[in-house]
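Peer 1: based on what follows, work out the 3D shape:
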Amino acid sequence: MYADNLAIAGSPVSTTTTAGIGQLATDAEAIAGTPSTGLLALFVTPSNLSPVFASPPAIGGTLPAAGAFTGLTADGTGVVTLASSADATISTATGSFVVSAGESANDAVKIESTAGGVQILASGAAAGEDIVLTATGSSVRLTSTESAVDSINIESTIGGIKILASGAAAGEDIVLTSTGSSIRLTATESATDSINIESTLGGINILASGASAGEDINITATGSSVNVNSTENAALAIFLHANGGASETIQLRADQGTDDASVHLLSDVGGVTLTGGKAAATAINLTTSDAAGGITMSVGTGGILPTTTGKFTLISTANSAQAIELHANGGVTETIRLRADQGTSATSLDLLSDVGGITLNAGLSTGNAITMNASGVAGGFNIDAGTGGFIVDTTGNVSLDSATASNFTVTGVADLTLSSVGGSVVITGTEAAVDAVQINGNTGAGGIDVNAGTGGITIDSGGLISIDAAGTTNLTTTGAFDLTVQTTAGSLNLLAGEAAVDAIAITAGDAAGGIDINAGTGGITVDSTAAISLDSATASNFTVTGAADLTLNSTAGAVNVTSGEANADSINVTSAGGMNIVATGAAAKDIIVTNTNGSMTLTAGENVTDAFNLTASGAASRMNLTAGTGSIKFASGWVVPVTSVAATPYVVLGTDYFISVDTSGGAITVTLPAATALAGRTFVIRDTGGAAAANNITIGGGGTNLVGGGAAAASKVISAAYAGATVYSNGVTWNYAYVA
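Peer 2: Predicted structure coming up:
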């Protein structure tokens, strides 16, 4: 169609120099650009103007009435202006309208409205009757400087609008830019893809660079859903990322949804991970803001496994029953376990109710409906209760079993009653000991009262019977009858706990009475935790007449042999064989033989080199001989240990005295221990090989100086054949005496 101020491409340019008959060109001649011939001049306008119609004629139709071509101006460059305020319309009823320009310029074809808008309307109802803007090798731009909500309006009242970029190179993009204003995509079609932003090869980047609050990216669906789908098989296939600063947050929010899954994180076959990088107890926070809100977790057979290197706390502020409940409801093999793997404290697993009680209920109809195990080898149970006591009620039996010593004690002034209303009370001890069963009434004035009817009292025992008392006790037959205490095949024991010499008294009270104790080959054994005294007013003897030992033994105390007679042989220890005195006690548990006023003589008559031995066998042991001003006298020769040294270095040992050195194989260094640790110690070092002049002997002081020969030094050298040195420690240095 034609528009105002549009020159028609292909028509001949009008001139004023063509002479002859003028004729208006037909539509075909104008389009084909048929030139003037001979005296016939073809023109579309008067000789120097382009035609503009006040009212549009149909192409190929008749010309408008006279006066319709008023208000035309031309600038001589092909621009024709209509001064009239009326519209100008160029239309074709059944054909196409083509506007074409061959000029290579950015405005080769220009549709411009300097005051109003520009409307491109296609009313075609058939498929393919489209508006197509195509630029081959260049760009297509829609630009408007109007400040209005529809400054550029691309509208399809019936069909769709498609913006397609087929560029294959980077940067050949579709760019929608609004400088200082907004970009909106709005669709009223009720369909799943009413607005479809699709990238068939690359990605989609939505970027908002606004710096002010509220300059956000908002995706809103009114009455429908918002779906973000990715088919990429990679980590972070969908990635929501906030990277704006320390106060940034990401929120998934459903304002009005009342369903349990109004906000739903779902991974169909994979897991869901929540990770918080904040070093605080609120790194991950699950909160229900409504007062009646709750948190429900439903999982499959994988279970729930919270793992933390810090504290794990569940807190409920609900003032109701079951404020915190752990509930298993999966089947007959389900269990619930509270477990501490590594805690060694007595409270590593702690059930605490600060002001209320703790109730354990079990619905199992078996004897182990409630089981408490302390499975450690030394594990135990400690149950403490206040004045409310400890109550066990059952319609069945109560069994308290222990593998070690146990007690049931009432510590206050109160009775302990064991009662069987219609049955027996049986107390059984299976220990093979004399106290397998004990009944004690041993506090203060307490006693034991055993009452029986005509059935009497029968005590049968497959082992011993022990009757103990803390006070005077009697077993009396008041008639003229013997009292017999007899064991037909065992022993007869009389035990008394009194701390007195007559704790057990066997008395023959008649003046002529005696005591006769006879024993067979089993002998007589007297055991006492206190003293045993055998006293006689006349000469007495304790004799073993057979070939057997006589042992005097005190396992934890002393053995004292004392005589009050003032004679040289008041105590005689005589043996036809040898004599062995051994003390096996710890350090400082010594054997001490003392004669405070007389002499002491130790004599060995055996004619061998070790006839008399004094040995201190400890690695660091020392033997001390101490005498007064009379000194110590050796009446025979003196033998000292000799150590032969032929290799260097040699470190002197505590067992050394004379060190025989042979340097024929090379110089040798002999290192003494530090003098500070060996006050009074002496060592003799001698060149016994005769090679010290060629291969010297160096004596090191072990970190302390050797003092002698007019000087103190860390070491001394023996450099003469067969020479030697004697060193003495004063507790500070080695005193060095050279021997030629």
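Peer 1: tell me the pLDDT at residue 703?
Peer 2: The model reports residue 703 with a pLDDT of 96.
Peer 1: er, residue 557 actually
Peer 2: As summarised for this prediction, residue 557 has a pLDDT of 77.
Peer 1: same thing with residue 234?
Peer 2: Reading off the confidence values, residue 234 has pLDDT 85.
Peer 1: likewise for residue 654?
Peer 2: Residue 654 carries a pLDDT score of 90 in this model.
Peer 1: burial count for it?
Peer 2: Using other Cβ atoms under 10 Å, residue 654 has 12 neighbouring residues. Where C-beta positions appear, they are placed from N, C-alpha and C, glycine not excepted.
Peer 1: doesn't residue 738 belong to a strand?
Peer 2: Yes - the secondary structure assignment for residue 738 places it in a strand, going by DSSP: H, G, I helix; E, B strand; the rest coil.
Peer 1: need the contact list for it.
Peer 2: 708, 709, 716, 718, 723, 724, 725 (Cβ atoms under 8 Å, 6 or more residues apart in numbering).
Peer 1: between those residues, which is closest to residue 501?
Peer 2: Nearest to residue 501 among the contacts of residue 738 is residue 725, at 68.8 Å by Cβ to Cβ.
Peer 1: before we move on, back to that, would TSV of the contacts of residue 738 with secondary structure and distance to residue 620 be doable?
Peer 2: Supplementary listing: the contacts of residue 738 in TSV, determined by DSSP: H, G, I helix; E, B strand; the rest coil; distance: Cβ to Cβ, whole Å:
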residue	secondary structure	distance to residue 620
708	strand	27
709	coil	31
716	strand	26
718	strand	29
723	coil	31
724	strand	27
725	strand	25
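Peer 1: mind checking which of those residues are buried?
Peer 2: 708, 716, 718, 723, 724, 725 (16 or more other Cβ atoms under 10 Å).
Peer 1: take those residues and write them to CSV, including distance to residue 497 and pLDDT.
Peer 2: As requested, the buried ones among the contacts of residue 738 are arranged in CSV below (distance: Cβ to Cβ, whole Å; pLDDT from 0 to 100):
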residue, distance to residue 497, pLDDT
708, 73, 94
716, 74, 96
718, 76, 97
723, 78, 96
724, 73, 96
725, 71, 96
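Peer 1: quick check: which element contains the most centrally placed residue in the chain?
Peer 2: The centroid of the chain falls nearest to residue 309 when counting by Cα atoms, centre = their mean (4.2 Å). Taking DSSP states H and E as the definition, residue 309 sits outside all helices and strands.
Peer 1: need the pLDDT of it.
Peer 2: The predicted local distance difference test score for residue 309 is 76.
Peer 1: from residue 279, how far off is it?
Peer 2: Applying Cβ to Cβ, to the nearest Å, the value for residue 309 to residue 279 is 12 Å.
Peer 1: show me which helix or strand of the chain is least confident by mean pLDDT.
Peer 2: Between all helices and strands in the chain, the lowest mean by mean pLDDT, DSSP states H and E belongs to strand 40-43, at a mean of 56.
Peer 1: can you pull out the strands in the stretch 551-700 of the chain?
Peer 2: All strands of the stretch 551-700 of the chain, identified by DSSP state E, counting those that start in this stretch, fall at 642-645, 650-651, 658-661, 668-671, 682-687, 697-700.
Peer 1: mean neighbour count, the ones you listed: which tops it?
Peer 2: Sort the strands of the stretch 551-700 of the chain by mean neighbour count, taking mean count of other Cβ atoms under 10 Å, and strand 697-700 sits at the top with a mean of 22.
Peer 1: ok, it: who's next to it in the sheet?
Peer 2: Strands flanking strand 697-700 in the sheet, each with its direction: strand 668-671 (parallel), strand 715-718 (antiparallel) (DSSP bridges).
Peer 1: CSV for the strands of the stretch 551-700 of the chain, including distance to residue 458 and mean pLDDT?
Peer 2: Written out in CSV, the entries for these read as follows (distance: least, Cβ to Cβ, whole Å; pLDDT from 0 to 100):
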stretch, distance to residue 458, mean pLDDT
strand 642-645, 81, 97
strand 650-651, 81, 97
strand 658-661, 84, 97
strand 668-671, 85, 97
strand 682-687, 83, 97
strand 697-700, 88, 97
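Peer 1: how's this structure carved up into domains?
Peer 2: 1-103, 642-739 (automatic domain parsing).
Peer 1: least confident of these, on average?
Peer 2: Among the domains of the chain, domain 1-103 scores lowest, at a mean of 56.
Peer 1: nearest residue to residue 326 in space, please, no chain neighbours.
Peer 2: With Cβ to Cβ, 6 or more residues apart in numbering as the measure, residue 336 is the residue that lies nearest to residue 326, at 5.6 Å, once sequence neighbours are left out.
Peer 1: how much space separates that neighbour from residue 231?
Peer 2: When Cβ to Cβ is the yardstick, residue 336 and residue 231 sit 42 Å from each other.
Peer 1: ok, residue 314 to residue 497 distance?
Peer 2: From residue 314 across to residue 497, the span is 59 Å (Cβ to Cβ).
Peer 1: any idea which element residue 28 lies in?
Peer 2: When the helices and strands are read off by DSSP H and E, the one containing residue 28 is helix 27-32.
Peer 1: ok, residue 707 - how many residues close by?
Peer 2: 20.
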